Each structure stands twice: as structure tokens, then as C-alpha cells.
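> give the three-dimensional model of this entry:
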Amino acid sequence: MADSGELLLKVTQLHKYFGERKVLDGIELQVEKGEVIVILGPSGCGKSTFLRCLNGLEPVQEGAIQYRGQNLAGAAVDWREVRQHIGMVFQNYELFPHMTVMDNILLGPLKVQKRELKEATQQAEQLLERVGLLERKLDYPRQLSGGQKQRIAIVRALCMNPEIMLFDEVTASLDPEMVREVLDVILGLAQQGMTMIIVTHEMGFAKSVGDRIVFMDQGKICEIAAPQQFFTHPATERAQHFLDIFQYEKL
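Got it, this is the predicted structure:
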């Protein structure tokens, strides 16, 4: 729960196009240190594209993304440096299959951050123990379940010591029984005060982990509200319709 009032990220009038098609239309959002923002919305509304813009994986055409006052939408941004502060975990793990779990985790700290092997290994082992996978540190990705691979991907991102974590539908490709183990890791991060922006379709998880819910549709933010307010009394008809569809699909 954010209580510092320290502004980390400020997005102002962000616009993004794929050719002629506008996929982000005037996005505005502020994120404080320790805050957990959960982004909800129908498929294709721009949620994942927004995260990719925050991490420099997609260029933006208009607007500003300020991280601690630095405009990340500028042309001279060193994204290799920025990504050490704004980490991202994807739904498809992106682990190197020919490398062990530990080698996957240590690649960034050793090659990018030039840290000492002993210190980075100690941190990696502590993080692996936290997610219950220390005994798998010498395994290869092919030896792990989907849920285990995703937890390793989270550890790999955390071992870079980011200030903000972005999670892009990290349970979307998992079997239902594996979803819980990944969500529990993210819940633990929230309880420890990690600043996070999470795109998910897990409604119960969104309600329990988020400080604020951001509802997007057609490239725009339609509504921002506290979880209890959003899930019981959404302010827009579009959000109500979205929630009604999810309730229907659960039947």
C-alpha cells in the first residue's frame, strides 16, 4: 500500500499508433512509490501495449513518460539503464533454454550491472528460496512446470533490483492449478512494498492486491477507482458491462 506520497512515474497525454491505428489515446496516470496499480480491460484495449511503452519496448508518438522526472519518451533515453529500474515480466517467461535457472537469473546482474558473482549469487539464492525454488537452481527450463518457469522469470527480474515491476498477464499461459503459485509470489511482493503495475484477467487477485484499479477500453483510461469501489459500484457503464461479462463466464 502506497503511503509515501513519493511520485515515481507520471504519464501525460500518451499516444501510441500502429500505422494509422491509434492504440493508446491520451493516457494519463501517476504512480507513487509502494503503490500497486492493476490494469483491467477487454482484450485489445491497449493494456499490454501501455506496459511495453513504459519499458521502452514500444516507441510512443506523443506525450510524456516521466520516471523520477526523467522523460522516457525522449529520443536520447538509455533503455538498458532504465530497465534496471523498471523491470518487466511477460506471460511467456522468456528464459534461455540452454542455461540453468541460476545462469538465467545471473545473466543481467553480471553482464549488465557488472556485479560481483558472490554477491549476485547470494541474492539470487535468497530470492529463489523466497519463491520456493532454491532446490531447482541447477535445473534447465525444460525441467520446470509453467508456474515454476514464471516464478523464475520473476526472480530474474527482481535480481536486477528494480524500483518498479511491470507484470503483463503473467498467468495467461498457465494451467489453472499453476496460477495460484505465481499470484502468491506477486501478493508477497505487494506486502513488502514493491511498486507494481499489473495487467491481469484474474478479478479476485486484482481486488485483493491492487491499491487502485485502472480500467481501459479502446486505448483510453475510462475509470480509476479503489478496488472495492470498482468491483461493487463501477462509475461507467462500460466497466459494469465488462464485469457483468466476467460474472457470466464464471457461471
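> what comes up buried for stretch 25-42?
Neighbour-count burial for stretch 25-42, counted by 16 or more other CB atoms under 10 Å, picks out 25, 27, 29, 31-42. C-beta: built from backbone N, CA, C; applies to glycine.
> repeat for stretch 141-151
By neighbour count with 16+ other CB under 10 Å, stretch 141-151 contains the buried residues 141, 144, 146, 147, 148, 149, 150, 151.
> could you do stretch 119-126 as well?
For stretch 119-126, a neighbour-count test (16+ other CB under 10 Å) marks 120, 121, 123, 124 as buried.
> make a markdown table out of the buried residues of stretch 141-151 and add distance to residue 196 and pLDDT.
Output for the buried residues of stretch 141-151, formatted as a markdown table (distance: CB to CB, whole Å; pLDDT from 0 to 100):
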| residue | distance to residue 196 | pLDDT |
| --- | --- | --- |
| 141 | 24 | 95 |
| 144 | 23 | 95 |
| 146 | 21 | 91 |
| 147 | 19 | 92 |
| 148 | 21 | 94 |
| 149 | 20 | 94 |
| 150 | 15 | 93 |
| 151 | 16 | 94 |
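> show me which pair in the buried residues of stretch 119-126 is furthest apart.
Using CB to CB, the buried residues of stretch 119-126 span at most 7.4 Å, a distance reached by 121 and 123.
> coming back round to it: could you redo the buried residues of stretch 119-126 as TSV and give each row secondary structure and pLDDT?
Output for the buried residues of stretch 119-126, formatted as TSV (DSSP: H, G, I helix; E, B strand; the rest coil; pLDDT from 0 to 100):
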residue	secondary structure	pLDDT
120	helix	97
121	helix	97
123	helix	97
124	helix	97
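> adding distance to residue 8, write the residues you listed out as a markdown table.
Listed next are those as a markdown table, based on distance: CB to CB, whole Å:
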| residue | distance to residue 8 |
| --- | --- |
| 120 | 25 |
| 121 | 29 |
| 123 | 22 |
| 124 | 25 |
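> which ones among the buried residues of stretch 141-151 map onto helices?
Cross-referencing the buried residues of stretch 141-151 against helices under DSSP state H gives 146, 147, 148, 149, 150, 151.
> and the furthest pair within those?
For these, the farthest-apart pair by CB to CB is 146 and 151; their separation is 9.8 Å.
> quote the end-to-end distance of stretch 165-177.
24 Å (CA to CA, to the nearest Å).
> for it, the averaged confidence score.
For stretch 165-177, mean pLDDT rounds to 90.
> can you tell me what sits against the lowest-mean-pLDDT helix or strand in the chain?
Least confident helix or strand of the chain, by mean pLDDT, DSSP states H and E, is helix 237-250 with a mean of 79. Residues from elsewhere that reach helix 237-250, judged by CB atoms under 8 Å, 6 or more residues apart in numbering: 40, 41, 42, 203, 215, 217, 222, 223, 230, 231, 234.
> gap between it and the chain center?
What separates the centre of helix 237-250 from the centre of its chain is 23 Å, taken as CA atoms, centre = their mean, to the nearest Å.
> ok, stretch 80-100 next?
Put simply, stretch 80-100 sits 12 Å off its chain's centre (CA atoms, centre = their mean).
> mean confidence for that stretch?
The pLDDT scores in stretch 80-100 average 91.
> and it, what's buried?
Buried-residue list, stretch 80-100, by 16+ other CB under 10 Å: 82, 83, 84, 86, 87, 88, 89, 90, 91, 93, 95, 100.
> measure it end to end?
End-to-end span of stretch 80-100 (CA to CA): 23 Å.
> start the count at 760, not 1, going forward
Okay, residue one is now 760; in that scheme the one you just asked about reads as stretch 839-859.
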